[in-house]
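A.B. asks: The amino acid sequence is not available; the structure is as follows:
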């Protein structure tokens, strides 16, 4: 009898030990469900003091820190989680709506990546948020993945607007700072045609040149959006052109050493281009290239190769193979693409999506247009003016609300409530292309 009592006591003690070992994690999950984040933080910290390899507890601790405004601590925990080997964290992921509810696991969904980006954004580290989200990959939940792609564009525009304003406010300070070596800014080529026929080709050409130059690992090429919104804040408008004399100032504001400027002329399509230096405030090289209008794609490649020759830059055979590939040979597709960029720059999200869709319809292999189509903000996103006036907190709230809604839509599809295309939750489809006379107009290739 005595031995039986001792045995039962041992079982009881072991049970208490096991219960205490898992109860802190379970209690943390329940506290998250009740949105009692402070208590959840204590629960998960206790759990991790006993079991530091509990990646679920560490991710949810990062989430709780994020919800209580402790962004630095959230970043530290989530960076730690994402720094582990993938096999170590396959069971830690929860959908945004489900983290605080303690609901089902989704092994292949990298939500720690999403929360880390959100923590960066709330911490005012906008570019870090964008870079983090660019590695987000969640093919099992396409609605969620698509929404994060769109939000990357929104935050990128927001970041570019604020960086431009900051640069203009600190312009005198920037005069004493040297630009970063190897940095390149590509400006829109000036349209010298009497009827502005190259207006949309300007932006399309700039984006294609930028994309090609980024293939060279020794160059640091600024994204078009950074250049665009500096021009916007400099009150140069959507079609603002930087010329050789004004290029050094723009380059200094952007922190770029090498500046590519030029013009497009009618007749046989001709481009005159210069590579200017921010440091010397002088032209370091110039060239002219021509092509038939229908062979604009040849002209674009000639500009790229001449720029690389002027700088000068060496590149690997692998990089050259990527540079040589044409983006598209379809002139109407590239004009639609340029119209899409023009609409995007003006904050006309719906029109931009229409034009990018038109470009991909003209040429389904036009990967650059497809890239922008997938990342074009939804029509419900705030206007450009509203974005520019948002605080960091308001921007983060907007992103979180959009992703949370996408998570709910994805859950509806998964449960069968969404059905599929044609019923329930379905992917948005562009409206018909705008007719001539609307805000973005229409372009014909009959030059």
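C.D. replies: Yep, that arrived. Values in this document were obtained by computation on a predicted structure and should not be read as measured data. Residues are numbered from 1 along each chain as shown.
A.B. asks: for the chain, which spans come out with low pLDDT?
C.D. replies: For the chain, the stretches with pLDDT under 70 are 1-23, 85-110, 176, 235-245, 417-447.
A.B. asks: Spatially central residue in it, please.
C.D. replies: Note on the chain: the residue nearest the mean C-alpha position is residue 152, at 3.3 Å, using Cα atoms, centre = their mean.
A.B. asks: and that one, what element?
C.D. replies: Assigned by DSSP states H and E, residue 152 belongs to helix 142-169.
A.B. asks: and that helix, what does it pack onto?
C.D. replies: helix 126-133, helix 224-233, helix 247-254, helix 367-375, helix 384-389, helix 392-414 (3 or more Cβ pairs under 8 Å, 6 or more residues apart in numbering; DSSP states H and E). C-beta coordinates here come from the backbone N, C-alpha and C atoms, glycine included.
A.B. asks: Could you provide these in CSV, with additional columns for distance to residue 272?
C.D. replies: Shown next, in CSV, are these (distance: least, Cβ to Cβ, whole Å):
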stretch, distance to residue 272
helix 126-133, 34
helix 224-233, 19
helix 247-254, 14
helix 367-375, 24
helix 384-389, 32
helix 392-414, 40
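A.B. asks: Of all those, which one comes closest to residue 28?
C.D. replies: Judged by Cβ to Cβ, the one of the helices and strands packed on helix 142-169 that comes nearest to residue 28 is helix 392-414, at 21.1 Å.
A.B. asks: Tell me the buried residues in that closest one?
C.D. replies: Using 16 or more other Cβ atoms under 10 Å as the test for burial, helix 392-414 gives 392, 395-396, 398-400, 402-403, 406-411, 413.
A.B. asks: again with stretch 173-181
C.D. replies: For stretch 173-181, burial by neighbour count (16+ other Cβ under 10 Å) applies to 174, 179.
A.B. asks: Tell me where the stretch 51-200 of the chain has helices.
C.D. replies: Along the stretch 51-200 of the chain, counting by DSSP state H, counting those that start in this stretch, helices occupy 55-67, 71-82, 111-122, 126-133, 142-169, 171-174, 199-213.
A.B. asks: would you turn those helices into TSV with distance to residue 291?
C.D. replies: TSV is the format used below for the helices of the stretch 51-200 of the chain (distance: least, Cβ to Cβ, whole Å):
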stretch	distance to residue 291
helix 55-67	52
helix 71-82	47
helix 111-122	42
helix 126-133	35
helix 142-169	31
helix 171-174	38
helix 199-213	12
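A.B. asks: I'd like to know which of the ones you listed lies nearest to residue 33.
C.D. replies: helix 55-67 (10.9 Å).
A.B. asks: For that closest one, name the packing helices and strands.
C.D. replies: helix 2-33, helix 37-50, helix 71-82, helix 111-122.
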